[in-house]
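Enquirer: any chance you can model this:
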Amino acid sequence: MLSHMTARAAPALGSAPLTLDQLARGDCARITHVDWSAVVEEDGRRLRALGLDMGTEVRLAHRGVFAGADPLAVAVGRMVVALRRAHARAMRVELL
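Expert: This next block holds a predicted model:
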């Protein structure tokens, strides 16, 4: 679906899992786990409705203007979703 655009080494064995907020601009990844307990229930429903759940392939399209702050722009299929960094931090990903 989405192709990997940026070369990056996979995290070393035993290292902390990679989260969506840690991706570099242009990186493509698959969501492997979502810590829904770290997200307000209403926000979680919205994120799921937008397709952000386990198994979804995403691409980090843009970061906020000021020092990489909120929001993150995440491509999900043909749509781009603005995502708070705290929500992105609750999503573990694997690079594609």
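
Enquirer: for the residue most central in space within the chain, give me the pLDDT.
Expert: Per C-alpha atoms, centre = their mean, the C-alpha nearest to the average position across the chain is that of residue 20, at 3.1 Å. Residue 20 carries a pLDDT value of 96.

Enquirer: can you list the buried residues in the longest helix belonging to the chain?
Expert: Ranked by residue count and defined by DSSP state H, the top helix of the chain is helix 41-49. For helix 41-49, the neighbour count (16 or more other C-beta atoms under 10 Å) marks 44, 47 as buried. Just so you know, the C-beta spots here come from the backbone N, C-alpha and C atoms, and that holds for glycine as well.

Enquirer: please, where are all the strands along the protein?
Expert: Ranges of strands in the chain, per DSSP state E, are 28-34, 57-62, 72-76, 79-83, 91-95.

Enquirer: relative to residue 50, which of the ones you listed is closest?
Expert: strand 79-83 (5.2 Å; C-beta to C-beta).

Enquirer: what does the closest one rub up against?
Expert: 20, 47, 50, 51, 52, 61, 71, 72, 73, 74, 75 (C-beta atoms under 8 Å, 6 or more residues apart in numbering).
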